[in-house]
Each structure stands twice: as C-alpha cells, then as structure tokens.
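Colleague: prediction below, plus the sequence it came from.
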Amino acid sequence: MKKLVQFNELVFNHTAYIEERPEIQTEFKNSSNSFANAHGDYSPERCGPRKVNSKKFDVTLMIDKSKFPCEDREIVEQFVLDNLYKVGRLWAIQGDVLLWSLAKVLNISEGYDEKRGFLSFNVTFYLPEGIWHIADETSTYFEDYYQCEVTECYSALERELCDCCLCNIKLAPVKRCPPCKGEQLCEVPKNKLSEVIGNCGNNKKINYSCCTQIENGKAYSEYGSTTAFLQFEGKTLYETEDVVLEICGTFTNLGINWNGNQAILEGTYTGETVINSGLVMNNCNYLDVDKLHGDCVNTNDCQPNECGSSQHKVGISGAAGGIITWTVKKGTNNVIFSGFKADEIQTIKVFIGGIAL
C-alpha cells in the first residue's frame, strides 16, 4: 500500500496531513473481441507489455491551525492552495521504495472547519500517466523541514531552471533545480526509509535536483576504434521508455543498436549530444526531427511495413513513420554504437527513469 508523503512543496503530516489513506487503484488498458466459435475472447495485450490507465482518487487534507501564529494562518492556507494549484510531483512510500508520479488536482473543496481548530479540504488527485516513477537515488534529497516562515514557503515554489540540460524527468520542459542539500536517498540505510520520512510529525521535505543525477550506465570508446559497447542494468520494475542518452565526443552518422533495434543519427557532431524521449540536442541546439530514424541494416530481414519509403522519424508529435522509442527492460540491457571518431575517446552515459505500478 502506498503512503502519500508530499505534493510539490506541501509536506503531508506537517503543514497539512491526510486524514486517512486514499484508495488507489490500478486499471489496465484492455481490448477484446469475442471468438465466434471458441471459448473466451481474443485479447492482444497478452502478447506484450501491458499498459495502464490514468488514475484518480480523493483525499481529505487537514490543517491544524494551532501549529501556526494567528497572523500567518490565512497565508499558510493560501500556501496550501498554491501547491495544489500547480502540476507537479506527488510522492509516496511503498514498503522501502520511494515513488513519485506526475499529478494535478482536478478539484478542491472550499476549506471548512470540520472540527475546532482544524481546516479541512477535499481534494481529487489525477495522475495522467497512471504510473509511479522510482525515485532517483542521487537526485533525491531529504531536507530538514521545520515550521517554515511564510516568505520561505513561497520562495520555495519558484525554482531556477537547469539551463539547457535535458533531465531524465517526465516534467520536461519544466526542469527545476532546487538547492542540493540534505541527505541523499542513496545514503538512507535499507529498510529505514519510513523512519526518515513519512512518519507522524514529519520534519523532512523531499527535494529533487536533476543537476546531481548520476548515470545508470557508463562506457567509453577505445582509442583507434569507431565502435563502443554499453551494458547496464535496468533499475525498473516494469519496462520503461523513460531514457536519456548522453554522448560526449565526435561521431558521424552514429549507429545505435538498442537491444537489437537499430537506429541512426545522421550528420557529424562534436561536444555533448543528448537524446531524450526522441528529441536530440547537440550543445544546447536542437536537431531537425528527421535526423534520428530507424535503420534496417539487413534488407533481407526487413518487413515491408518496417522499411517502406518513409523513414521512421522522431519528433514531438507522431510523424508519418512513428516516433523512435527505446525500451529498457528489467535486468541486463545492451547497446552497440558505431560511427565514433577513431582518434578520440568518447564518453557514453545512460539515465533511466524506472517505473512501478
């Protein structure tokens, strides 16, 4: 069972608390056609990874007004509403795993005094992706959080941008860089997460700063060779397409064989090249969407619908041939690169956003 601990800068069990745990259900996307002369239905989802629907659930938030000075109570109430107004991360603990999901609030009841000294809000959370992301161990911080002054509360809602860096987060293009302070998630001993955060009277706040994210896998090309091999463990409970590939070096018509699926990035580039959700950026300049596309190396193995006259293009929205996506599976993943400059040593990093249901 998931225990909600924070939304944006609003820490539950501190500024506000959840009166009771909400019922969070996972529903799978299903389609079926009844067999005419056989038992049961034909359900194509049994042939591959299953997808989930969006989620929606209700919570009741309570504010203990006695915790705040009289002159601050109305402003604290507005601080709560401002956090609920913004789309952002909803954090939860499940067992010893910290999770977050992209969330927005669909509706908020007007605050009312349910009992003396307490202000109550009924809130409906909506999770458009329907999945929970596994928190990154190096980018997630637990900061000491006491009764904040109102000015500090509001300043925390505005974060500076991460310049041009493409972070491995689903909130792109909004890439905030909170101050990197406090205890990192990777420093928390195993089975001690619930003691650090999420308890009654919680005095820790979760910060996420993509500027400190450490790669899930790293490799180098050999001097004198135009190829490189990257192998990494997919730290995800289910298959994910939340992948960022970062290459530092020089290459021409880079070939990328991702777990057996071949793609090519046309052109000659040097410096830092980042591929994030199909978008390609070289030294802060975005490339044309048709530069990265599927590439069938052996035409005898290509099916007509895979290697037609139109290339498999990549873009913000679907192109004629579809969008190139790379799938990270649980366990070992293998990537082979070709086209590197032989008299340089290139650095290759991969960042993975693991998911859970």
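Modeller: Structure received.

Colleague: which intervals of this structure have sub-threshold pLDDT?
Modeller: 45-49, 113-114, 146-180, 198-202, 211, 289, 295-323 (pLDDT under 70).

Colleague: so where's the longest helix in it?
Modeller: Of all the segments of type helix in the chain, defined by DSSP state H, the longest one is helix 73-85.

Colleague: list the buried ones in that one?
Modeller: Val76, Glu77, Phe79, Val80, Asn83, Leu84 (16 or more other CB atoms under 10 Å). Where C-beta positions appear, they are placed from N, C-alpha and C, glycine not excepted.

Colleague: now Asn33. Nearest residue, chain neighbours left out?
Modeller: Tyr42 (4.9 Å; CB to CB, 6 or more residues apart in numbering).

Colleague: how about the strands in the stretch 251-357 of the chain?
Modeller: 251-258, 261-269, 272-276, 279-282, 285-286, 292-294, 331-340, 347-352, 355-356 (DSSP state E, counting those that start in this stretch).

Colleague: one step back: report how many residues lie close to the residue nearest to Asn33.
Modeller: 11 (other CB atoms under 10 Å).

Colleague: quick check: phi and psi at it.
Modeller: Tyr42 adopts backbone torsions of phi -90, psi 120, taken as degrees, to the nearest 10.

Colleague: pretty sure it contacts Phe35?
Modeller: Yes: contact between Tyr42 and Phe35 holds when scored by CB atoms under 8 Å: they sit 6.3 Å apart.

Colleague: about what we covered before: could I get the buried residues of helix 73-85 as a markdown table with distance to Asp242?
Modeller: As requested, these are arranged in a markdown table below (distance: CB to CB, whole Å):
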| residue | distance to Asp242 |
| --- | --- |
| Val76 | 35 |
| Glu77 | 36 |
| Phe79 | 31 |
| Val80 | 30 |
| Asn83 | 25 |
| Leu84 | 26 |
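
Colleague: ok, so of those residues, who is nearest Gly353?
Modeller: Gly353 has its nearest neighbour among the buried residues of helix 73-85 in Asn83, at 23.2 Å by CB to CB.

Colleague: dump the residue contacts of the closest one.
Modeller: Residues counted as contacts of Asn83 (CB atoms under 8 Å, 6 or more residues apart in numbering) are Phe7, Asn8, Glu9, Leu10, Leu157.

Colleague: can you rerun that using 7 Å?
Modeller: Counting by CB atoms under 7 Å, 6 or more residues apart in numbering, Asn83 makes contact with Phe7, Asn8, Glu9, Leu10.

Colleague: including neighbour count, distance to Lys65 and secondary structure, could the residues you listed go into a markdown table?
Modeller: What follows is the contacts of Asn83, written out as a markdown table (neighbours: other CB atoms under 10 Å; distance: CB to CB, whole Å; DSSP: H, G, I helix; E, B strand; the rest coil):
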| residue | neighbour count | distance to Lys65 | secondary structure |
| --- | --- | --- | --- |
| Phe7 | 26 | 20 | strand |
| Asn8 | 18 | 21 | coil |
| Glu9 | 25 | 19 | coil |
| Leu10 | 22 | 16 | strand |
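
Colleague: quick one: buried residues of stretch 229-241?
Modeller: Buried-residue list, stretch 229-241, by 16+ other CB under 10 Å: Leu230, Phe232, Gly234, Lys235, Thr236, Tyr238, Thr240.

Colleague: next one: the fourth one from Thr138, what distance?
Modeller: By that I understand Lys235. Lys235 is 12 Å from Thr138, where distance means CB to CB, to the nearest Å.

Colleague: follow-up on the earlier one: how close does the residue nearest to Asn33 sit to Glu27?
Modeller: 20 Å.

Colleague: and the longest helix of the chain, how far out from the chain's middle?
Modeller: 26 Å (CA atoms, centre = their mean, to the nearest Å).

Colleague: dump it to PDB, restricted to CA.
Modeller: Provided in PDB are the C-alpha atoms of helix 73-85 (Å, rounded to 0.1, in the frame of the first residue of the first chain):
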ATOM      1  CA  ARG A  73      -2.900  31.200   9.300                       C
ATOM      2  CA  GLU A  74      -4.600  32.700   6.300                       C
ATOM      3  CA  ILE A  75      -1.300  32.900   4.400                       C
ATOM      4  CA  VAL A  76      -0.500  29.300   5.200                       C
ATOM      5  CA  GLU A  77      -3.900  28.300   3.900                       C
ATOM      6  CA  GLN A  78      -3.100  30.100   0.700                       C
ATOM      7  CA  PHE A  79       0.300  28.300   0.600                       C
ATOM      8  CA  VAL A  80      -1.500  25.000   0.600                       C
ATOM      9  CA  LEU A  81      -3.900  26.100  -2.200                       C
ATOM     10  CA  ASP A  82      -1.000  27.400  -4.300                       C
ATOM     11  CA  ASN A  83       0.800  24.000  -4.100                       C
ATOM     12  CA  LEU A  84      -2.500  22.200  -5.000                       C
ATOM     13  CA  TYR A  85      -2.900  24.600  -8.000                       C
END
